[in-house]
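In: sharing a sequence plus its predicted fold:
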Amino acid sequence: MNRIKNKMGGRPPKNDPATNRISVNLSDVEYADFLTLYEKSGVHSKASFIKARIFNESFRVVKIDGSLLEYTQLLSSLYNQYRSVGVNYNQTVSTLKSKFEERKALAMLYKLEQQTAELVLVSRQILALSQEFRRLWLQKSASADHSQGR
């Protein structure tokens, strides 16, 4: 086929194409270290990562803390359970009032009140743990920012 150059499709040519190539051989340990640094950097390609390292360009390191992610997911799940407990609580109180005599309903409400008090204590412990976790996480984050010169 005879194609006319200006009628060809595709990407327009770059003004300054990268035509020079450099090759570096790494041992298995060095390559593993390289991949670890590359993954932490969040850069879209290995070539961009290497160029940034060679020419001392700054780049952002994105580090995902698995424990933070897991803790957040569990906390969200717990919040959903609290919501359903609240709905069940209202239904239980309403049922106790309508189906049982006053004395028996009051005895069951007393037990429910005790369980609610325990739930409040657990909630306070969760809040304290969350505040401690946040303080530790922010401390790690601040020290990581400081070590990167931010």
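Out: Nice, thanks for sending it over. No experiment lies behind these values; they were computed from the predicted model shown. Numbers count the residues shown, from 1 in each chain.
In: can you tell me how far Glu113 sits from Lys99?
Out: Taking Cβ to Cβ, to the nearest Å as the measure, Glu113 falls 18 Å from Lys99. For every residue, glycine as well, the C-beta is placed using N, CA and C.
In: over to Asn15?
Out: To Lys99, Asn15 is 81 Å away according to Cβ to Cβ.
In: also Gly66?
Out: Distance from Gly66 to Lys99, by Cβ to Cβ: 48 Å.
In: what's the distance between Lys51 and Glu30?
Out: 18 Å.
In: mind checking which of those two has more residues around it?
Out: The residue with more neighbours, out of Lys51 and Glu30, is Lys51; 14 against 11, by other Cβ atoms under 10 Å.
In: quick check: that one touching Ser45?
Out: No - assessed by Cβ atoms under 8 Å, Lys51 is found out of contact with Ser45, at 9.3 Å.
In: got the domain ranges for this protein?
Out: Residue ranges for the domains of the chain, per automatic domain parsing: 25-62, 66-147.
In: out of those domains, which comes closest to Thr19?
Out: domain 25-62 (13.4 Å; Cβ to Cβ).
In: that closest one: which residues count as buried?
Out: For domain 25-62, the neighbour count (16 or more other Cβ atoms under 10 Å) marks 34, 38, 41, 43, 49 as buried.
In: just put the domains of the chain in a markdown table and tack on mean pLDDT and distance to Gly9.
Out: Converted to a markdown table, the domains of the chain look like this (pLDDT from 0 to 100; distance: least, Cβ to Cβ, whole Å):
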| stretch | mean pLDDT | distance to Gly9 |
| --- | --- | --- |
| domain 25-62 | 82 | 24 |
| domain 66-147 | 81 | 44 |
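In: elements contacting the helix or strand where Arg124 lies?
Out: For Arg124, the element it lies in under DSSP states H and E is helix 102-147. Counting contacts by 3 or more Cβ pairs under 8 Å, 6 or more residues apart in numbering; DSSP states H and E, helix 102-147 packs against helix 66-99.
In: fine by me, we can end here.
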